[in-house]
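**Q** based on what follows, work out the 3D shape:
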Amino acid sequence: MNLLSPIARLGRSVMVLLAAIGRFAIFTAQTISHLVRPPFYPREFGHALMQIGYFSLPVVGMTALFTGGALALQIYAGGSRFSAEAVVPQIVAIGMVRELGPVLVGLMIAARVTSSIAAEIATMKVTEQIDALVTLSTHPMKYLTLPRVLAATLVMPLLVGVGDVIGIYGGFLVGTERLGFNATTYLKNTADFLEMRDIVSSLAKGAVFGFIAALMGCYYGMNSARGAMGVGRATKGSVVAAAVLILAANFLLTEAFFSA
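**A** Below is the predicted model:
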């Protein structure tokens, strides 16, 4: 019996993991299925657009600006060891557009938006507001989940695009003001080096990351336990899960776009 105990514990852990994956897959499928079934709630959708998109611009802009500047300094310092300082504009551009821009914006949205969604919906569940929606013949997923997931999926590419531009501008400022690059040459090297595939991959990553961030917030909020501790656990779990899935999705999308 003692010899089989570790195997039994492993089996139980695997079953719990598979059950969690199954519940999440069903939740995702139900969310997507509501896209084509009325009624729709444009007011909730517009509110979600403002909360996820417009009010996230300051944190996205500041994060991208400082990241682009720091990236330029690091590339210049590293390139100087091989007499390759001139590649700063090109590497800043590709680094921000392909990887750092989408990933950092995704993680910022996970920290700001996913936690907010999870806490809001979990609190509604604790205070029985979701039960009240059901009593009023309003589907909770259609009213709470779909507008947020759809808004995040649509607005995140715009946030990523803004982050990419501001990040490149941060590198431009450091390159021209601190490292002595000519402004016209810097901008020309940046424009010549970027390809359409880089931009498309960045925006596609943004859409996927937005979907993941909002979906995880809604999922953990809807499935939170009762009480203040349940709300706290749902909020913490949603941010951790969203961050891990965003990084995993980034690897898969990078492989899909640039493996050749």
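**Q** residues in contact with Cys218?
**A** Phe27, Thr31, Ile117, Ala118, Ile121, Met141, Leu144, Thr145, Arg148, Val149 (C-beta atoms under 8 Å, 6 or more residues apart in numbering). Just so you know, the C-beta spots here come from the backbone N, C-alpha and C atoms, and that holds for glycine as well.
**Q** out of everything not next to it in sequence, what's closest to the fourth one?
**A** Spelled out, that is Ala118. What sits nearest to Ala118 in space, not counting adjacent residues and going by C-beta to C-beta, 6 or more residues apart in numbering, is Ser238, at 3.8 Å.
**Q** quick check, the one you found in contact with Met216.
**A** Yes: judged on C-beta atoms under 8 Å, Ser238 makes contact with Met216 at a distance of 4.9 Å.
**Q** so between those two, which is more surrounded?
**A** More neighbours surround Ser238 than the other of Ser238 and Met216, with 30 against 27 (other C-beta atoms under 10 Å).
**Q** for the strand or helix carrying the more buried one, packing partners?
**A** Assessed by DSSP states H and E, Ser238 sits inside helix 227-258. Here helix 227-258 touches helix 101-109, helix 115-126, helix 196-222, going by 3 or more C-beta pairs under 8 Å, 6 or more residues apart in numbering; DSSP states H and E.
**Q** if we can go back for a sec, in CSV: the contacts of Cys218, plus neighbour count and pLDDT.
**A** CSV is the format used below for the contacts of Cys218 (neighbours: other C-beta atoms under 10 Å; pLDDT from 0 to 100):
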residue, neighbour count, pLDDT
Phe27, 17, 89
Thr31, 21, 87
Ile117, 31, 94
Ala118, 30, 93
Ile121, 27, 92
Met141, 17, 88
Leu144, 25, 90
Thr145, 24, 91
Arg148, 30, 94
Val149, 28, 94
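**Q** identify, from the residues you listed, the entry nearest to Ala256.
**A** If you rank these by distance to Ala256 using C-beta to C-beta, Val149 comes first, at 21.9 Å.
**Q** in terms of helices and strands, where is that closest one?
**A** Assigned by DSSP H and E, Val149 belongs to helix 146-177.
**Q** next, the buried residues of whichever helix or strand comes after that helix.
**A** Downstream of helix 146-177, the first helix or strand assigned by DSSP H and E is helix 183-193. For helix 183-193, the neighbour count (16 or more other C-beta atoms under 10 Å) marks Tyr186, Leu187, Asn189, Thr190, Phe193 as buried.
**Q** wait, Arg197 sits on Ala256?
**A** No: counting by C-beta under 8 Å, Arg197 does not reach Ala256; the two are 11.2 Å apart.
**Q** what residue ranges in this protein score low on pLDDT?
**A** 1-4, 260 (pLDDT under 70).
**Q** okay, which residue is most central for it?
**A** Most central in the chain under C-alpha atoms, centre = their mean is Gly106, positioned 2.6 Å from the mean C-alpha point.
**Q** list the contacts of that residue.
**A** Gly106 makes contact with Met156, Val160, Lys205, Gly206, Phe209, Gly210, Ile212, Ala213, Ile246, Asn250 under the criterion C-beta under 8 Å, 6+ apart.
**Q** tell me, what's touching Ser238 and Met216 both at once?
**A** By C-beta under 8 Å, 6+ apart, the residues touching both Ser238 and Met216 are Thr114, Ala118.
**Q** distance-wise, check Asp198 relative to Ser224.
**A** Going from Asp198 to Ser224 by C-beta to C-beta, to the nearest Å gives 39 Å.
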